Each structure stands twice: as structure tokens, then as C-alpha cells.
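*Asks:* pasted the sequence and its predicted model underneath.
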Amino acid sequence: MELLLNNYEYQYDIFDVAREFFHTSIDDTSVIKIDYQTQNDMLYMDIQVNSSLGTKTFKKEYDTNNGEGVKSRLKLGLYNALTEYFGKSLPYGCLTGVRPTKVAYTLINKGLKMSQLPSYFRNNYRVSDEKINLILDIIQNQKPLEKHDNLVDFYVNIPFCTTKCSYCSFISAPITKLCFAIC
């Protein structure tokens with residue numbers, strides 16, 4: 001897959017979203033071309049997807065003055081275009097490269113209520129209801145461990161996962177590919 005952008009500032013973030021759709025779906029000759037510009041707190045995107053399934057062009061526009069910036073809106077625009085192109089959605093939507101609970105805690109610290117998180121994740125990241133419920137469950141289970149005076153996140157990395165989550169940016173691999181190393 002080739003990714004062509006008129007501005008490469010967010011190329012890695014955009015590529016993470018594209019990779020989730022193309023990793024097993026299409027041949028290596030696929031091309032995604034994204035031209036975008038910002039004007040008056042609006043993001044305007046022209047997205048062209050060309051693969052063995054055909055060529056399709058999408059026009060997307062998003063408000064960047066709603067708490068989500070250009071990078072987030074670019075990822076959402078590409079995600080929406082590829083969802084339409086392939087006719088499928090992903091469990092974590094366009095949320096890549098960050099732990100979902102970290103996003104949730106950031107939103108809570110900005111004043112969002114727990115009851116508002118589901119619609120926020122659904123509308124801004126296209127996260128599935130199943131994964132939203134998982135995020136909320138994790139936050140609830142972590143409440144007894146929370147100390148407000150010196151909040152510290154504690155993360156234990158288990159590098160052998162049953163699958164690789166689309167949002168994961170850690171070095172990891174599905175256990176089926178590395179069973180020889182641990183079995």
C-alpha cells in the first residue's frame with residue numbers, strides 16, 4: 001500500500017489507520033491519496049482509494065474546534081472513507097497509537113462525565129459499543145487504585161498477546177506467531 005499526502009506532518013498516524021484496513025485485504029499496489037487543508041477551524045479532505053477493488057473518491061470535512069485537532073480529524077476522515085470503501089468497521093475505530101483508557105482519563109480530566117464517554121468515543125473515534133464498555137469497565141476497576149494527589153499510571157507489558165490491538169503501538173505479536181518461543 002502506498003500513502004500519498006499533500007502534507008506529511010501526520011503521516012504515521014494516518015498510516016496506522018490505513019494499515020488496519022489493508023494489512024490482509026488488498027494487494028501491495030493499492031494507493032491512498034489524501035489532499036487536505038485547514039481553513040477557519042475546518043478540515044477539508046479529498047481522499048482517493050485505488051486498489052484491486054476499484055477507485056473511489058471521498059470528500060470529508062470536519063470541525064477542528066470541537067476539542068479534537070487536525071490529526072484526530074484526519075484519522076477519522078480516513079477511517080470513515082475506508083469503512084465505506086470496504087464495508088466494514090473496526091472495534092477500536094480510528095483510535096490507534098494510544099491506550100484507550102488514557103484517552104478516557106484525559107477526557108474526564110477535561111470535565112467530561114463518565115456518562116458522556118460512550119457517545120464521545122462513538123462519535124469522535126468510531127469505537128464499537130463492546131470496546132466502549134470494556135474501556136468503562138477498566139476505568140471502574142481502576143478506581144480503587146486511584147490516588148488523586150500523585151496520579152501514576154502503572155502498565156505491565158505482556159508481549160505475547162492473543163491478537164494485536166489496532167490501537168497498540170508497543171512491540172508485540174500474536175501468540176500464534178511466537179508460540180515456538182514460549183511453548
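*Replies:* Looks like it arrived, so ask away. No experiment lies behind these values; they were computed from the predicted model shown.

*Asks:* following the longest helix anywhere in the chain, which helix or strand shows up next?
*Replies:* Looking only at the chain and at elements set by DSSP state H, the helix with the highest residue count is helix 70-86. Past helix 70-86, heading to the C-terminal end, the next element that is a helix or strand (DSSP states H and E) is helix 100-109.

*Asks:* which residues of this protein fall in helices?
*Replies:* If you assign secondary structure with DSSP H, the helices in the chain sit at 11-22, 70-86, 100-109, 117-125, 129-142, 175-182.

*Asks:* okay, those helices, which one's buried deepest?
*Replies:* Comparing the helices of the chain on average neighbours per residue, with mean count of other Cβ atoms under 10 Å, the densest one is helix 70-86 at a mean of 21. Glycine gets a C-beta too; all of them are placed from N, C-alpha and C.

*Asks:* run through the neighbouring helices and strands of that one.
*Replies:* Secondary-structure packing of helix 70-86 (3 or more Cβ pairs under 8 Å, 6 or more residues apart in numbering; DSSP states H and E): helix 11-22, strand 31-39, strand 42-51, strand 54-63, helix 117-125.

*Asks:* turn these into CSV, columns for distance to residue 80 and mean pLDDT.
*Replies:* Converted to CSV, these look like this (distance: least, Cβ to Cβ, whole Å; pLDDT from 0 to 100):
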stretch, distance to residue 80, mean pLDDT
helix 11-22, 10, 89
strand 31-39, 12, 95
strand 42-51, 9, 96
strand 54-63, 6, 96
helix 117-125, 11, 96
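
*Asks:* got a markdown table for these, with distance to residue 77 too?
*Replies:* Listed next are the helices and strands packed on helix 70-86 as a markdown table, based on distance: least, Cβ to Cβ, whole Å:
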| stretch | distance to residue 77 |
| --- | --- |
| helix 11-22 | 9 |
| strand 31-39 | 8 |
| strand 42-51 | 5 |
| strand 54-63 | 4 |
| helix 117-125 | 12 |
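
*Asks:* identify whichever of these lies nearest to residue 142.
*Replies:* Ranking the helices and strands packed on helix 70-86 by their distance to residue 142 (criterion: Cβ to Cβ) puts helix 117-125 first, at 14.0 Å.

*Asks:* what residues does the closest one touch?
*Replies:* Helix 117-125 is contacted from outside by 68, 72, 76, 92-95, 100, 103-104, 107-108, 112, 127, 129, 131-132, 135-136, using Cβ atoms under 8 Å, 6 or more residues apart in numbering.
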